[in-house]
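Trainee: what would the 3D arrangement of this be:
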Amino acid sequence: MSETSTTTEFRPSRAIVTGAESGIGRATAVALAAAGMDVGITYLSEPDRAQATADEIRASGRQAFVEQIDVTDLASAGAVIERLAEQLGGVDVIVADAGTGDNAPFLDLTLDQWRHTVSTDLDGAFVTIQAAARRMVAQGTGGRIIGITSVHEHQPRYGSSAYDAAKHGLGGLLKTIAIELAEHGITANAVAPGEIATRMTGAEDEDPHTIARPGVPLGRPGNAWEIAAAVAFLASPASSYITGVSLPVDGGMLQMGPHGGSHITSNDWRSA
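Mentor: Predicted coordinates:
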């Protein structure tokens, strides 16, 4: 690599977003298109929703390509990313958003539940990110790798041992990638959402400004577009000197640890 890092010249025009049929993934794909990128999107089981995302991207004047993926099928997931990269003519940005969570107290959690969550949230992210990263390195023009983790990458939640472990693991993976791929002008960062009004939290069609969350400093959940805005920044040339970080987008939730703990007045939290 020359003394002038490729990150200073980085102009992304091709992005891949996994889990883009709804929620954070969909908002992110649309935000990256608005930032001037053609976007490859993946979905698990809802092609109509994925097509709606693609239609919104195309309406903004950018190209969109759609592929089905099961990120737990580790033998095929990387090939899906390769196909999207071929259709896009390369890849400058990958956002690993596909995820799930099996909630159960640790003593009740089954091995199948554990494997389902860890395979989706960590193994699948590894395979898809690696496929895109190899393409970025071969291109020699830098890149952006962004993983959607969670505030539970940083602090655990009762009844979420598999999810917490997977998100901690993904955060650690991204930090290691940041070190190893820096010489190629590739940055790697996480965005760590708090409670976001999506299908995963049972509030997909609700305005988060109407939902009271007294334990969150900003007093409400977030919406998917607020996460997408953070991702779009980390995918942009403006983030060229940021790598190996996890950016909480949580309304201040993580700041409430000791304060919240000291003000809990019942044992209701001891449930999944």
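Trainee: where in the protein is pLDDT low?
Mentor: Applying pLDDT under 70 to the chain flags residues 1-8, 199-205, 272.
Trainee: check which helix or strand Pro248 maps to.
Mentor: Per DSSP states H and E, Pro248 falls inside strand 246-249.
Trainee: strand partners (parallel or antiparallel) of that strand?
Mentor: Paired with strand 246-249 in the same sheet, following DSSP bridges, are strand 186-193 (parallel).
Trainee: which other helices and strands contact the next helix or strand after the strand it pairs with?
Mentor: As assigned by DSSP H and E, the chain's next helix or strand after strand 186-193 is helix 224-234. If you count contacts as 3 or more C-beta pairs under 8 Å, 6 or more residues apart in numbering; DSSP states H and E, helix 224-234 packs onto helix 23-34, strand 143-148, strand 186-193, strand 246-249. Placement of C-beta: from N, CA and C, glycine included.
Trainee: go again with 10 Å.
Mentor: Packing partners of helix 224-234 (3 or more C-beta pairs under 10 Å, 6 or more residues apart in numbering; DSSP states H and E): strand 14-17, helix 23-34, strand 93-96, strand 143-148, strand 186-193, strand 246-249.
Trainee: of the ones you listed, which approaches Ala75 most closely?
Mentor: In terms of C-beta to C-beta, the element of the helices and strands packed on helix 224-234 nearest to Ala75 is strand 93-96, at 17.9 Å.
Trainee: adjacent strands (with direction) for the closest one?
Mentor: Applying DSSP bridges, strand 93-96 is found paired with strand 14-17 (parallel), strand 143-148 (parallel).
Trainee: report the distance from it to the chain centre.
Mentor: Relative to its chain's centre, strand 93-96 lies at 7 Å (C-alpha atoms, centre = their mean, to the nearest Å).
Trainee: please save the CA atoms from that strand in PDB.
Mentor: The C-alpha trace of strand 93-96 is given here as PDB (Å, rounded to 0.1, in the frame of the first residue of the first chain):
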ATOM      1  CA  VAL A  93     -19.500  -1.700   1.800                       C
ATOM      2  CA  ILE A  94     -21.000  -4.700   3.500                       C
ATOM      3  CA  VAL A  95     -23.500  -4.400   6.400                       C
ATOM      4  CA  ALA A  96     -24.100  -7.600   8.300                       C
END
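Trainee: which SSE is immediately downstream of that strand?
Mentor: Downstream of strand 93-96 (by DSSP H and E), the next one is helix 111-118.
Trainee: contacts for that following helix, please.
Mentor: With C-beta atoms under 10 Å, 6 or more residues apart in numbering as the test, helix 111-118 has contacts from 72, 99-104, 106, 109-110, 123-124, 160-167, 169-170.
Trainee: got it, and stretch 255-269?
Mentor: Contacts of stretch 255-269 (C-beta under 10 Å, 6+ apart): 154-155, 157-159, 214-217, 248, 250, 253.
Trainee: pick the most buried one from the strands paired with strand 93-96.
Mentor: Ranked by mean neighbour count, these are led by strand 14-17 with a mean of 31 (mean count of other C-beta atoms under 10 Å).
Trainee: what's the spacing between that one and its chain's center?
Mentor: Taking mean C-alpha positions (C-alpha atoms, centre = their mean), strand 14-17 and its chain are 12 Å apart.
Trainee: kindly report the same for stretch 247-260.
Mentor: 19 Å.
Trainee: same deal with stretch 61-77?
Mentor: Stretch 61-77 sits 15 Å away from the centroid of its parent chain (C-alpha atoms, centre = their mean).
Trainee: for it, list the C-alpha coordinates in CSV.
Mentor: Extracted in CSV, the C-alpha atoms of stretch 61-77 (Å, rounded to 0.1, in the frame of the first residue of the first chain):
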residue,chain,number,x,y,z
GLY,A,61,-32.3,6.2,-9.1
ARG,A,62,-30.0,3.5,-7.9
GLN,A,63,-29.7,-0.2,-8.9
ALA,A,64,-30.9,-3.0,-6.6
PHE,A,65,-30.2,-6.7,-6.8
VAL,A,66,-32.0,-9.3,-4.6
GLU,A,67,-30.8,-12.7,-3.4
GLN,A,68,-32.3,-15.2,-1.0
ILE,A,69,-29.9,-16.3,1.8
ASP,A,70,-29.9,-18.4,4.9
VAL,A,71,-26.9,-17.3,6.7
THR,A,72,-26.9,-20.5,8.9
ASP,A,73,-26.2,-22.5,5.7
LEU,A,74,-22.5,-21.8,6.0
ALA,A,75,-21.6,-23.7,2.9
SER,A,76,-23.7,-21.5,0.6
ALA,A,77,-23.9,-18.1,2.3
